[in-house]
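**Q** I'll drop the sequence and a predicted model, then ask my questions.
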Amino acid sequence: LKFLLEVVQIDAMWVAAMMLVKQAYDALTDPVVGVLSDHTNTRFGRRRPWIVSAVLPLLVAWVAMWSRPPFIAPDAHALLAAYFMAVMLLYSTCNTCCAVPFQSLVPDVAPSYRDRTTVVMFGQTFMLISAMASTFLWALLLTLFPPTETQVARGERYNYALGYGVAALATGLFTFVSTLAGISPVSERPGDPTAQRPALRAVLHSLWSGAKGLLAFPPFLAVSSLHILSNLGTS
C-alpha cells in the first residue's frame, strides 16, 4: 500500500478497489489450481510441472509489481491503476500456480500424520525466519539509494522508487532459487495413469461441495471470523 500510495501516488480509492479485486480473485483461483494439479499426470509428477512453469513468471511479476513503469505518466492515475491491477493479477495467478502445488507436496514428502506435522512445523519456522530477514533487507535497501534532484525538491530523503525495485529483485531471486532447490530432491507419489482431467462441470461441483462442507464446519467458521475481524481492525 505504501508503494502504491506514496511512490506511485495512485489515488487511495483506486488502491482500495485494486486490493478488493485481488482478494476476490485469489479466493477463486486457489481451489481451481488445487483441483487441476490433483488431476495433472506427467512423468515429472503432478505438482512439479506447475511449480517449475510458474516460478520464473512469478519472479518477473513480483519485480514489476514493485517498479513504477516509465512509459506511463505520473499523473495518469487511471492508467497506473489499470497497469498495476493487471500486474497484481498476474502475480496472484503465478503465485497460486506455484504455492498451492508446493504446499500439496507435503503428503508426498510425509505420508504419516507425525511426519506431516514435523514438515509443516519446520516449514513455518523457516518461513518466519525468512520473513524477519526479508524485513531487515527491505528496510536496508529502501534507505540505501540517495534521492534525485526532483525527489529532493519534493522533500524525499531517499530514492524509494529505486529501492523498492532493487529489494523486489533481491527477494524475488532468493525465492526463485530456493523454490527450485526445495523441490528438486522431492519424490512425488506416482499418479494414476488412467486418470483423466475432469470436465469444468465436475470441477465446479467439487468446489461447491467443498465450500458447503467448510461452511458447515464450526471451527472453520470461528477461525475465519477471527481472521476477518483481525484484518478489518488492521485496515
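**A** Sure thing, it's come through.
**Q** go ahead and confirm G165 touches P70.
**A** No: in this structure, G165 sits apart from P70 without contact. The criterion is CB atoms under 8 Å, and the distance is 11.2 Å. C-beta coordinates here come from the backbone N, C-alpha and C atoms, glycine included.
**Q** where are the low-confidence patches of this structure?
**A** 189-200, 203, 234-235 (pLDDT under 70).
**Q** nearest residue to the middle of it?
**A** In the chain, the centroid-proximal residue (CA atoms, centre = their mean) is N95; its distance is 4.1 Å.
**Q** mind listing what's buried along the host helix or strand of that residue?
**A** Assigned by DSSP states H and E, N95 belongs to helix 77-104. Using 16 or more other CB atoms under 10 Å as the burial criterion, the residues of helix 77-104 that qualify are 77, 80-81, 83-85, 87-102, 104.
**Q** how far out from the middle of the chain is that helix?
**A** 7 Å (CA atoms, centre = their mean, to the nearest Å).
**Q** got it, and stretch 118-134?
**A** What separates the centre of stretch 118-134 from the centre of its chain is 16 Å, taken as CA atoms, centre = their mean.
**Q** tell me the phi and psi of V186?
**A** Backbone geometry at V186, expressed as degrees, to the nearest 10, gives phi -80, psi 130.
**Q** same thing with R114?
**A** Backbone geometry at R114, expressed as degrees, to the nearest 10, gives phi -60, psi -40.
**Q** give me the number of residues near it?
**A** When neighbours are defined as other CB atoms under 10 Å, R114 has 8 of them.
**Q** now do the one 5 residues further on
**A** By the measure other CB under 10 Å, the count of residues near V119 is 15.
**Q** distance of it from G34?
**A** Relative to G34, V119 is positioned 18 Å away (CB to CB, to the nearest Å).
**Q** what ranges do the helices span in this protein?
**A** For the chain, the helices defined by DSSP state H cover 2, 12-38, 48-65, 77-104, 106-109, 113-142, 149-153, 160-183, 200-215, 218-234.
**Q** and the second one, what does it pack onto?
**A** The criterion is 3 or more CB pairs under 8 Å, 6 or more residues apart in numbering; DSSP states H and E, and the helices and strands that helix 12-38 contacts are helix 77-104, helix 200-215.
**Q** all good on my end, thank you.
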